[in-house]
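> What shape does this take:
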Amino acid sequence: MELDWGKYIAVAERFQHKARYQDREDLNHDILLELATAQLKHGDSQLTEPALYRIASFVVADYWRKSSRIVVASLNDNIDDDEGNSTELIDTLTDDKAIDFEAWLDAKRWLLGCPKRLAEVATKQVSGKPLDGAERKYLCKWRREANRKAQAVLVEG
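A predicted model of the protein is given here:
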């Protein structure tokens, strides 16, 4: 009994796009193996083309059934930390809209101590209004100064 690998490959290639991109080659091989196994079980007569397509569609359905069973966890599941404390998984997610109070307070403190003109120039730039030449020069001066201070801190540290 001769297996028609060329026909099996053609059928598998028609179905491999139905899997996730990273799983396509695996699905392709699974279809090839299932077609060959079915042909060996069927005996001496060749399987018809519709039968091959039907077998391949069952392999695809089985792939998705197995994929849907892989569930990481429910957000209501409890997880334990190193100290034995139990927390719901949903409580560990960060809120993208939450305010970083430390950064906000640091920025607010810095703004209280910065020159008023620098705050005005920064506000103008953030709002999208074009800066004139003097404002650009003033902002550039303060950036250079901040850079110099940051470099000094890195060298000391």
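
> burial count for D26?
Neighbour count for D26, taken as other CB atoms under 10 Å: 13. Backbone N, C-alpha and C define where each C-beta goes, glycine included.

> now do A122
16.

> For the closest residue to it other than its chain neighbours, pull up the helix or strand it's in.
Computed as CB to CB, 6 or more residues apart in numbering, the closest residue to A122 that is not its neighbour in sequence is L139, at 7.4 Å. Taking DSSP states H and E as the definition, L139 sits inside helix 133-156.

> if we look at that helix, which residues are touching it?
117-118, 121-122, 124-125, 131 (CB atoms under 8 Å, 6 or more residues apart in numbering).

> sorry, back to before: measure the residue nearest to A122 to D44 for me?
According to CB to CB, to the nearest Å, L139 and D44 sit 85 Å apart.

> hmm, back to that, which of the contacts of helix 133-156 count as buried?
Buried subset of those (neighbour count, 16 or more other CB atoms under 10 Å): 121-122.

> JSON lines for the contacts of helix 133-156, including secondary structure, pLDDT and distance to I55?
Listed next are these as JSON lines, based on DSSP: H, G, I helix; E, B strand; the rest coil; pLDDT from 0 to 100; distance: CB to CB, whole Å:
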{"residue": "R117", "secondary structure": "helix", "pLDDT": "89", "distance to I55": "77"}
{"residue": "L118", "secondary structure": "helix", "pLDDT": "87", "distance to I55": "73"}
{"residue": "V121", "secondary structure": "helix", "pLDDT": "88", "distance to I55": "71"}
{"residue": "A122", "secondary structure": "helix", "pLDDT": "84", "distance to I55": "67"}
{"residue": "K124", "secondary structure": "helix", "pLDDT": "89", "distance to I55": "69"}
{"residue": "Q125", "secondary structure": "helix", "pLDDT": "86", "distance to I55": "65"}
{"residue": "L131", "secondary structure": "coil", "pLDDT": "91", "distance to I55": "69"}
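
> Okay, and the nearest residue to A19 once chain neighbours are set aside sits in which element?
In space, and not counting its chain neighbours, A19 is closest to L27: 4.1 Å by CB to CB, 6+ apart. In the assignment (DSSP H and E), L27 maps to helix 24-42.
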